[in-house]
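> here is my input, please return the structure:
(one chain, ligands or ions: 1)
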Amino acid sequence: MLIYCATTNKGKLAEFRLAADRYAAGCFHLEPLPGLSAIAAPEETGVTLEENATLKARYYSRHATELVFADDSGLVVDALDGAPGVYSSHFSGPQATDASNNALLLERMRGVTPRTARFVCIVALARAGGILRTFHGVVEGTLLDSPRGSHGFGYDPLFYYPDYGCTLAECDGERKLEVSHRGRALQAMFTYLRAEASRPAAPPSSSRR
Ligand code: ITT
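Okay, here's the model as predicted:
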């Protein structure tokens, strides 16, 4: 069965593909939503990740008849009262890049403790403008005071994952997926979809005599 993902973020797309290979092989075929680059991105007006994930999934699913999912995710830093959170992609301003966001995060965190933080991901699954379900994932870690590693994207080079003894940018995509916020949310979504796909079809309504 075909399922579309809707994201403008290449790093997310790579992780969606890995997750589909791992959790949905032989059952679901994942593709980016056709024509996505020609569709104006919706304004992310939500104040929570859940609101923005559902807003994006609803919006993009109106452009297809198949299932469509979108992800809203971010970095929650305890010492910054949860910032950048829902504003993670534009932490350093409207023209933000991963590099400028990381530079600002380092500046805000200079000499600051505690350095605990978590990535949170909400995946929203929709069809034709209606939300079917949302799926959540979290990964806990701490922030380094200088970047390490070249894999991944976003804040990965600053996010140290204690169980691996390295940042999420120092491990490859497969290893990141095993423990990441996105990996967990996507595993939950594909588990749900596989269960739905294997449910017996509802019996036809009884015919009149
Ligand atoms: P789409 O809305 O098109 O999917 P986006 O990048 O704007 O792309 P979000 O609004 O969900 O997506 O912002 C997510 C930001 O949170 C992302 O740009 C990173 O800065 C950060 N982030 C989320 N997941 C991350 C991860 O796995 N590793 C590093 N940074 C991450």
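> how about this structure: which residue is closest to the ligand?
Across the chain, no residue is closer to the ligand than residue 154, which sits at 2.2 Å (Cβ to the nearest ligand atom). No exception for glycine: its C-beta is placed from N, CA and C like everyone else's.
> pLDDT score assigned to that residue?
According to the per-residue confidence, residue 154 scores 98 in pLDDT.
> so it, which of the three states?
coil (DSSP: H, G, I helix; E, B strand; the rest coil).
> could you report the neighbour count for the nearest residue to it once chain neighbours are set aside?
Among residues not flanking residue 154 along the chain, residue 98 sits closest, at 5.4 Å (Cβ to Cβ, 6 or more residues apart in numbering). The local packing count at residue 98 equals 17, with neighbours defined by other Cβ atoms under 10 Å.
> ok, residue 98 - contacts?
Applying Cβ atoms under 8 Å, 6 or more residues apart in numbering, one finds that residue 98 lies in contact with 153-155.
> show me which of these are buried.
For the contacts of residue 98, a neighbour count by 16 or more other Cβ atoms under 10 Å gives the buried set as 154-155.
> so can I have CSV of the contacts of residue 98 showing distance to residue 31?
Listed next are these as CSV, based on distance: Cβ to Cβ, whole Å:
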residue, distance to residue 31
153, 20
154, 23
155, 27
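> quick one: name the residues of the chain near the ligand.
7-9, 12, 44, 56, 71-75, 88-89, 101, 119, 152-156, 180, 182 (Cβ under 6 Å from any ligand atom).
> remind me, longest helix of the protein?
helix 181-198 (DSSP state H).
> which helices and strands sit right next to that one?
In terms of contacts (3 or more Cβ pairs under 8 Å, 6 or more residues apart in numbering; DSSP states H and E), helix 181-198 is packed against helix 10-23, strand 67-77, strand 116-127, strand 130-143, helix 173-179.
> beta partners for the residue lying closest to residue 66 once chain neighbours are set aside?
What sits nearest to residue 66 in space, not counting adjacent residues and going by Cβ to Cβ, 6+ apart, is residue 2, at 5.1 Å. Residue 2 forms beta bridges with residue 29, as assigned by DSSP bridges.
> low-confidence regions, the chain specifically.
Counting by pLDDT under 70, the low-confidence segments of the chain come to 204-209.
> how many residues are close by the nearest residue to residue 157 once chain neighbours are set aside?
By the measure of Cβ to Cβ, 6+ apart, the closest residue to residue 157 outside its immediate chain neighbours is residue 147, 3.5 Å from it. Residue 147 has 18 neighbouring residues, counting by other Cβ under 10 Å.
> look up how far residue 126 lies from residue 147.
Distance of residue 147 to residue 126, given as Cβ to Cβ, to the nearest Å: 35 Å.
> again with residue 11
Counting by Cβ to Cβ, the gap between residue 11 and residue 126 amounts to 22 Å.
> tell me which of those two has more neighbours.
Summary of the neighbour comparison: residue 11 and residue 126, criterion other Cβ under 10 Å, with residue 126 having more neighbours (25 against 16).
> report how many residues lie close to residue 65.
Burial of residue 65 is recorded as 10 neighbouring residues (other Cβ under 10 Å).
> chain neighbours aside, what residue packs nearest to it?
The shortest distance from residue 65 to any non-neighbouring residue, by Cβ to Cβ, 6+ apart, is to residue 128 (6.7 Å).
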